[in-house]
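Colleague: Can you look at this prediction? I've put the sequence above it.
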Amino acid sequence: KEKNKMELKTYTKIETIYNRSLEGKKKLIVGDYRNETVEYLKDNEWIGTEKIDGTNIRVFWDGYSVSFAGRTNKSVIQPNLLPKLEEIFCNSETEQIFEQLFGENKVILFGEGYGNRVQKVGHLYRSDNSFILFDVYMVESNLWLKRNAIEDIGKALGIEVVPVVFKGTIDQAVEFVKQHPISTIGNAPMEGIVCKPAVDMLTRTGDRVIVKIKVQDFR
């Protein structure tokens with residue numbers, strides 16, 4: 001079922017790494033960083049996961065049952081995705097696993113609904129629809145879980161987790177994306193990568209350090 005969404009946290013806004021030109025085709029200005037923290041950390045190791053071209057889905061465990069929401073509090077989940085979400089999450093076995101993993105602690109699984117009829121390239125990922133996990137947030141402790149914990153949760157629930165496709169500096173990440181890689185899932189072109197520092201960090205305003213590098217920005 002869809003959740004009354006007013007109480008649910010939305011996902012971190014993911015910025016591009018560079019500013020855009022204010023003239024012409026608004027292209028990225030390579031080297032002109034949007035965020036001083038990203039610029040400071042650019043030569044450290046970053047971990048890049050594949051950016052799936054789908055629609056953001058929040059799966060909410062309130063301590064007793066599972067419900068769903070879209071990317072924002074006003075989003076409506078596509079009708080073709082709901083049956084798959086219900087198949088994956090709305091059964092007694094899965095709810096028992098949620099209870100074993102989290103007890104009465106509230107948690108939000110952030111993932112992407114993707115596949116046939118979801119975005120233009122969805123059918124190139126798969127002929128049906130599915131959900132792939134990319135982050136997990138513990139509500140009461142205001143804590144984002146580490147990659148190994150996300151993978152463990154995905155395995156326990158029997159759901160896919162976005163693959164790690166890159167490790168290196170920001171400059172190396174840009175070069176990786178410029179090669180126009182193919183998705184590791186299906187036959188779609190890779191949309192891009194989402195990068196976090198190897199050690200999770202916050203900016204001075206308390207925001208997560210997380211960036212996206214999209215293939216189309218470097219065509």
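Modeller: Alright, I've got the coordinates.
Colleague: check contacts around the spatially most central residue of the chain.
Modeller: By C-alpha atoms, centre = their mean, the chain has its centre lying nearest to residue 134, at 4.3 Å. The contact partners of residue 134, by C-beta atoms under 8 Å, 6 or more residues apart in numbering, come to 49, 52, 110-112, 150, 161-162, 194. No exception for glycine: its C-beta is placed from N, CA and C like everyone else's.
Colleague: So which of those residues is the closest to residue 29?
Modeller: residue 194 (20.9 Å; C-beta to C-beta).
Colleague: where does residue 172 land in three-state SS?
Modeller: State at residue 172, reduced to three classes by DSSP: H, G, I helix; E, B strand; the rest coil: helix.
Colleague: Next, work out how far apart it and residue 183 are.
Modeller: Look at residue 172 and residue 183: by C-beta to C-beta, to the nearest Å, they are 20 Å apart.
Colleague: Check residue 8 too.
Modeller: 28 Å.
Colleague: Which of the contacts of residue 134 fall within strands?
Modeller: 49, 110-112, 161, 194 (DSSP state E).
Colleague: Top of those residues by number of neighbours, please.
Modeller: residue 111 (27 neighbours; other C-beta atoms under 10 Å).
Colleague: So, low pLDDT: which residues of this structure?
Modeller: 1-7 (pLDDT under 70).
Colleague: Just the helices from it, written as ranges.
Modeller: Here the chain has its helices, by DSSP state H, at 36-41, 82-89, 92-102, 122-125, 147-157, 170-178.
Colleague: can you redo these as a markdown table with mean neighbour count and distance to residue 75?
Modeller: Formatted as a markdown table, the helices of the chain follow (neighbours: other C-beta atoms under 10 Å; distance: least, C-beta to C-beta, whole Å):
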| stretch | mean neighbour count | distance to residue 75 |
| --- | --- | --- |
| helix 36-41 | 16 | 28 |
| helix 82-89 | 16 | 13 |
| helix 92-102 | 14 | 23 |
| helix 122-125 | 20 | 17 |
| helix 147-157 | 15 | 22 |
| helix 170-178 | 18 | 27 |
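Colleague: so which of those comes closest to residue 58?
Modeller: Closest to residue 58 of the helices of the chain, according to C-beta to C-beta: helix 82-89, at 10.6 Å.
Colleague: Tabulate the CA atom coordinates of the closest one in CSV.
Modeller: This file holds the C-alpha atoms of helix 82-89, laid out as CSV (Å, rounded to 0.1, in the frame of the first residue of the first chain):
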residue,chain,number,x,y,z
LEU,A,82,2.7,-1.2,-7.7
PRO,A,83,2.0,-4.9,-8.4
LYS,A,84,5.7,-5.7,-8.4
LEU,A,85,6.4,-3.7,-5.2
GLU,A,86,3.5,-5.6,-3.5
GLU,A,87,4.8,-8.9,-4.8
ILE,A,88,8.3,-8.2,-3.4
PHE,A,89,7.4,-6.6,0.0
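Colleague: Just list what that helix packs against, helices and strands only.
Modeller: strand 55-61, strand 66-69, strand 107-115, strand 129-138 (3 or more C-beta pairs under 8 Å, 6 or more residues apart in numbering; DSSP states H and E).
Colleague: Understood, closing this out.
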